[in-house]
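K.L.:
After the sequence you'll find the predicted model.
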Amino acid sequence: MDIRLDPLTHPELLRLLVEHRQSMFAHSPPESIHALDLDGLRRPDITFWSAWEGDTVLGCGALRALDAAHGEIKSMRTAHAHLRKGVAAALLMHMLAEARHRGYTRLSLETGTADAFIPARTLYARFGFETCGPFGDYVEDPYSTFMTLAMPAPDRALA
């Protein structure tokens, strides 16, 4: 699996992002959907990666800088044909490593409450994320689950 920074231009990746947003609209009311469109994913505070096997997109994810110490996971999606193959876990590990590299002390995310989001919530919990209240610009919403992970402080003596 090749995880790479992505310029958000490959047609196969764009189809995956359309599928991602369609799925959000299928499981949550419009006012409760926080999935970013292409312009949102191209903002300077967002770093976007995709996972590939040859010419096949396996999944994607993004890391948003909320401030110098706090990041947010955005747009995690695994292509349907590659579910339950470790794609999301690999992307999440990649983003956790990047968050540590940036010196974040906290990493947070928002996902849905519907049953369709159980695999996502289970994945995040497996990596140590815990439920929390809204963060950033989010507000309490019955269709949103907020999760956060306290990142270990970097060991400056080794840096």
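P.N.:
Ah, there it is.
K.L.:
Please make it C-alpha for all contacts and neighbour counts, starting now.
P.N.:
OK.
K.L.:
Give me the spatial nearest neighbour of Ile46, chain neighbours excluded.
P.N.:
Arg64 (4.4 Å; C-alpha to C-alpha, 6 or more residues apart in numbering).
K.L.:
Can you name the residues bridging to that neighbour?
P.N.:
Ile46, Glu72 (DSSP bridges).
K.L.:
Tally up the residues packed near it, please.
P.N.:
21 (other C-alpha atoms under 10 Å).
K.L.:
which residue sits closest to Thr148 in space, ignoring its chain neighbours?
P.N.:
Ser108 is the one closest to Thr148 (C-alpha to C-alpha, 6+ apart), at 4.1 Å.
K.L.:
so where do the strands sit in the protein?
P.N.:
Secondary structure of the chain (DSSP state E): strands at 2-5, 46-53, 56-65, 70-78, 106-112, 130-132, 144-150.
K.L.:
roughly how far is the helix or strand bottoming out on mean pLDDT in the chain from the heart of the chain?
P.N.:
Of all helical and strand segments in the chain, the minimum by mean pLDDT, DSSP states H and E falls on helix 11-27, at a mean of 90. With C-alpha atoms, centre = their mean, to the nearest Å as the basis, helix 11-27 stands 14 Å off its chain's centre.
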